[in-house]
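Novice: generate coordinates for the sequence data below:
(one chain, ligands or ions: 1)
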Amino acid sequence: MPDSGLTGPIEIPDPTPSGEPKDLRARLHRLRTSAGGTVRGLPKVLRLTWQASPVMTVLIVLSTVASGLTPTITAYVAKLLLDSVVAAVQGRGSIGRIVEITGFQLALFTATAITTAITNVAQNLLQERMTLSIRHQVMSHAAKLDLAFFEGSESYDLLRQASQEAPARPVSMLTSALSLVRTGITFASMVALLIAVSPLLALIALLAPIPAFISQSKYGSRAFMLALYISPIRRRMDYLSSLVTTDTYAKETKLFGLGNYLTDRFLRLGQTYYARERKLTTKRNLVGTAWSFLSTAAGSGIALYIALEAVHGRLTIGDLALYTSAATAVQTSVQGLFTGFSGMYENNLYLDTLYQFLGTRPAITAPAQPRPLPEKVRGHIQFQDVSFSYPGADEPALDSVNFEIRPGETVAVVGRNGAGKSTLIKLLCRLYDPTGGRILLDGVDVREFDPDELRARISAMFQDYVTYQGTAAENIGLGQLSDLDDRERIAASAHRAGAAERIERLPKGYDSPLGRWFDQGVSLSGGEWQKVALARAFMRDAPILILDEPTSALDAQAEHELFSRLRALASGRTTLYISHRFSTVRQAEKIVLLDHGKLAEQGTHEELMRLGGDYADLFTLQAAAYLDEGE
Ligand SMILES: Nc1ncnc2c1ncn2[C@@H]1O[C@H](COP(=O)(O)OP(=O)(O)OP(=O)(O)O)[C@@H](O)[C@H]1O
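Specialist: Numbering: from 1, shown residues only. Presented below is the predicted three-dimensional model:
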């Protein structure tokens, strides 16, 4: 069954892990584990928020602790006020005392309002800083990761979760944790008051929240699991949407009449996703409310008991007011406690994916003591028994490949589609490491060098080169960041690649924006873009030049001109290029033919023609096609 999302069934696997024991012990165990994990997650969150803004973090913590005490103090002051009013009515108290207490009450209300305002400001600002800080961390970590990470779909999901879901989570987690602390303070102080009335009532108040708490944590983890399962669905939805809304796809979408089909699929995927989400959200809230009814009932019981005690004269009117607000506060704080905790639990699960992403170590790193590259690299390259299999692939992409490129030599790599040519280049640039054998540069295994330093000695143009949404000068200058402003060098590179003439004809020359994402840019043809990408590769004065099908989009004349210039460009550099055009391949000093990952033939054009093998066959096939047309 195809799994691309373009065809086939639309379904989301059930997020409940099957076979999970459901008895109370197992549930308590899960609760303990998740509580433990959540609590352990807190220091990490504090570190993240601290990194984002120490001032805001301190402000939030302080204002939270302060606001935790205010309900209890407010309730107590209200009791004092009532008692002093009753005393004054009965002629036992003074007006001065009442004024004193109301004055204190005013101060308390003002302080509460200020604390709330500070909390809100700090929370909003911290959220902004946090989003920026996490996106920055995700970006800079992604910049360090290997190509292999980006080429796997699971890691793609991880990256998506980390960059889109995670930024809001730490502040949310901190807020949940702090509201937990705040409600904890309110709860404890109120429970202390209740214990003074009746320890039994205090116990009821303590036990009541547990069922609601368990149900919340269960649904919290389900929501997270659902989000995990939904991530690939959302990715497919994004892809379908981009097929219809992006300029590069629009042509085919229209020509093949795919618009309605893709839109319909998008909608069906979205509906499946929505139905699941709705089921979970409704169930979570209904069940949650049912359980929290226990807590509500306990609160009302307490209220009734205290009212009856006041009727019997065992409590003052002030006590009644105090205990009524205590009962309400306990009830709300009970709710607050479990929503706070389940919120933390859920956020922590999301944050785990962020930590998992940030904890992914690149496999290709510099050795502890990297060997410095010599000032002048000769460019002597040896592939010794090099084998390579892509992760999860059944067949090796390269199988015991042995060949040598002498310093300054120009080598062409040929072979049928999928023979392993591009893979060879990826290994040479150390975008992947061989699974067997080794690659030597000037006699040293390339793994002994710092990969960044090694790559700085290589100019390369890949088959799927990038078309940057920037000016012509930027598109070329990015090949050597340090010379981004060096117009002379940029123009010289453009000349070498044959791109200069077109760029000079653009309305603003080298300052013309290419591509149409931002400014009013110019659209280049496929071949013109390829020349710009080539110019970018030529920006670097590197001893090794690698070109993967550099002329695939060029017209015959442009190709001929490029190769005449390439001879001059390649002089003094080791050059390796891949091409399917035998007219250009034959000019190389050495030709290497790959077949199903194995090195099948190597030699000069003449040698390989004399050999009469695969190369000679392919060459003759292409030449014959040209000749046929000529006849
Ligand atoms: N990122 C990847 N993950 C898994 N397999 C890959 C990946 N890239 C390439 N392959 C597989 O490795 C083999 C060699 O691919 P490679 O791109 O090196 O071929 P090529 O000779 O450059 O082909 P072409 O002439 O079509 O550009 C192919 O069978 C391909 O399916």
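Novice: so which residues of the stretch 151-300 of the chain form helices?
Specialist: 153-160, 169-197, 199-207, 209-245, 247-255, 259-311 (DSSP state H, counting those that start in this stretch).
Novice: and the angle for the longest one with helix 247-255?
Specialist: Going back to what we said before, that points to helix 259-311. Using axes from the mean of the first three to the mean of the last three C-alpha atoms, to 10 degrees, one finds that helix 259-311 and helix 247-255 are set 110 degrees apart in direction.
Novice: which helix or strand lies directly C-terminal to helix 259-311?
Specialist: Once the chain leaves helix 259-311, the next helix or strand it forms, by DSSP states H and E, is helix 317-358.
Novice: against which helices or strands is that next one packed?
Specialist: helix 24-52, helix 54-89, helix 95-144, helix 153-160, helix 169-197, helix 209-245, helix 259-311 (3 or more C-beta pairs under 8 Å, 6 or more residues apart in numbering; DSSP states H and E). C-beta coordinates here come from the backbone N, C-alpha and C atoms, glycine included.
Novice: again, 10 Å this time
Specialist: Applying 3 or more C-beta pairs under 10 Å, 6 or more residues apart in numbering; DSSP states H and E, one finds that helix 317-358 contacts helix 24-52, helix 54-89, helix 95-144, helix 153-160, helix 169-197, helix 199-207, helix 209-245, helix 259-311.
Novice: so what does Ala553 look like in phi/psi?
Specialist: The phi/psi pair for Ala553 (degrees, to the nearest 10) reads phi -110, psi 0.
Novice: hmm, Val532 and it touching each other?
Specialist: No. Counting by C-beta atoms under 10 Å, Ala553 does not reach Val532; the two are 11.1 Å apart.
Novice: which one's more surrounded, these two?
Specialist: Between Ala553 and Val532, counted using other C-beta atoms under 10 Å, the more crowded position is Val532 (23 against 16).
Novice: surely that one and Leu514 touch.
Specialist: Yes. Between Val532 and Leu514 there is a contact at 7.2 Å, judged by C-beta under 10 Å.
Novice: can you list residues touching both of these two?
Specialist: 467-468, 472, 475, 503, 524 (C-beta atoms under 10 Å, 6 or more residues apart in numbering).
Novice: coming back round to it: mean pLDDT for the helices of the stretch 151-300 of the chain: which is lowest?
Specialist: Comparing mean pLDDT across those, the weakest is helix 199-207, with a mean of 67.
Novice: where are the low-confidence patches of the stretch 301-450 of the chain?
Specialist: Low-confidence segments of the stretch 301-450 of the chain, defined by pLDDT under 70, are located at 327, 331, 334-335, 338, 342.
Novice: enumerate the residues of it near the ligand.
Specialist: Residues of the stretch 301-450 of the chain found near the ligand (C-beta under 6 Å from any ligand atom) are 390, 393, 397, 415, 417-423.
Novice: and the gap between Ala113 and Ala66?
Specialist: 12 Å (C-beta to C-beta, to the nearest Å).
Novice: neighbour-wise, which of these two wins?
Specialist: Taking neighbours as other C-beta under 10 Å, Ala113 and Ala66 compare with Ala66 leading, 17 against 10.
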